[in-house]
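1. Structure for this input, please:
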Amino acid sequence: YKFKEELLQKNSNAENYYNFYNSNASSDSDFMLFQNVYIFVQKYIPKGAKVGTFIHSLLETLANKNFITTDKVLNEINLLQKLQSSGITLFKNINSVDDENYKNFVSWLKIICQTPLLSNNFTLPSLEEISKNQLSIRTEIEFILPVNEIKIDELTNIINSMDFIKHLPQNFPRESLKISKINGLLKGFIDLLICYENKYYVLDYKSNYIGDNFADYNATNYEKIILSHRYDVQAALYQLALHRLLKWRLPNYNPKQHLGGTLFYFLRGVNSFSLQNNNSINSGIYHIEANCESIIKMDNLFNSKKKK
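-> This next block holds a predicted model:
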């Protein structure tokens, strides 16, 4: 009751969350999992780049284990030692696997790995099976895009026309880019390349802190974060890199058939509702669908010769 009261004081939508979970939880222990992970993620996981870097590295390690999070696998990857040596105060004070903070972190990790991405049967551990007879999933893919004095206005005009915004006004302000043109080699890394139902997606982990409550992690706020941090530019460059990779590697490649888009995975927004309600309550996933026309325009722009 104290937990519900605290939720309702800070979150106008919390009653919907609370009532949904309370009515669907199969046991008191399930509800305790929700309560513990809620408090742990929203109140105790520190903000900042250090946590983001650590989680990214950990998920890269788990990708090599097919995102399986059994105790055996977590022991194999030395999760306890990784936490203790992370340099993050909350984690380095964990003494054993019986520590409550260790258990809560593992619960959060399991939810991250088991959350449906686009449909109920499309989760991180299912990727190995999904990718059979397809271009294999890959992690931390480096890409390099040669650039010949592209005016930034030309690039942003194409990106702004991709029209992925659904929950904000189309004229919602975007953070301006601080350069006038780009030239040379543009280098980046893709967290995870995945394939589902013959479409290829870039998945990018985001550890942004958006608010103290799960309700703060919603599509409208994701769009605000995407535009203020210009993750839309990042998503577009990812799609250009993926487009060029598939042209090179995939027989009979067709952008409209094979490009799926970019999935931004806001890790602080995942919760155990998404495991029981097929994503209808926020799961941390924001999907920017591929705009093939704009991607081809970008490809042509990047291929254009330097003007004399």
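2. partners of the residue nearest to the spatial centre of the chain in the sheet?
-> With distances taken as CA atoms, centre = their mean, the residue of the chain nearest its centroid is residue 265 (1.7 Å). Going by DSSP bridges, residue 265 is paired in beta bridges with residue 205, residue 285.
3. who's in contact with it?
-> Going by CB atoms under 8 Å, 6 or more residues apart in numbering, residue 265 touches 112, 117, 203, 204, 205, 206, 284, 285. For the C-beta atoms, the positions are set from N, CA and C on the backbone; glycine is no exception.
4. Please work out how many residues are found near residue 178.
-> 6 (other CB atoms under 10 Å).
5. any idea whether it is helix, strand or coil?
-> At residue 178 the chain is in coil, as set by DSSP: H, G, I helix; E, B strand; the rest coil.
6. Show me which of the contacts of residue 265 is closest to residue 97.
-> residue 112 (18.4 Å; CB to CB).
7. buried residues in the helix or strand containing residue 72?
-> Using DSSP states H and E, the element containing residue 72 is helix 71-76. Using 16 or more other CB atoms under 10 Å as the test for burial, helix 71-76 gives residue 74.
8. Please enumerate the helices of the stretch 51-200 of the chain.
-> Using DSSP state H, counting those that start in this stretch, the helices of the stretch 51-200 of the chain run over 71-76, 79-84, 89-92, 100-114, 127-130, 152-160.
9. Give me the distance from the last one to the chain's centre.
-> The one in question is helix 152-160. A distance of 24 Å separates the C-alpha centroid of helix 152-160 from that of its chain, computed with CA atoms, centre = their mean, to the nearest Å.
10. for it, packing partners?
-> For helix 152-160, the packing partners by 3 or more CB pairs under 8 Å, 6 or more residues apart in numbering; DSSP states H and E come out as strand 181-196, helix 231-249, helix 292-303.
11. Mind exporting the C-alpha coordinates of stretch 248-260 to CSV?
-> Provided in CSV are the C-alpha atoms of stretch 248-260 (Å, rounded to 0.1, in the frame of the first residue of the first chain):
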residue,chain,number,x,y,z
TRP,A,248,26.6,-5.2,-51.2
ARG,A,249,25.7,-8.4,-49.2
LEU,A,250,22.1,-9.3,-49.9
PRO,A,251,21.1,-10.9,-53.2
ASN,A,252,18.1,-9.3,-54.9
TYR,A,253,18.1,-6.5,-52.4
ASN,A,254,15.1,-4.2,-52.5
PRO,A,255,15.0,-1.2,-50.0
LYS,A,256,11.2,-1.3,-49.7
GLN,A,257,11.2,-5.0,-49.1
HIS,A,258,14.3,-5.3,-46.8
LEU,A,259,14.8,-2.1,-44.9
GLY,A,260,13.0,-2.2,-41.6
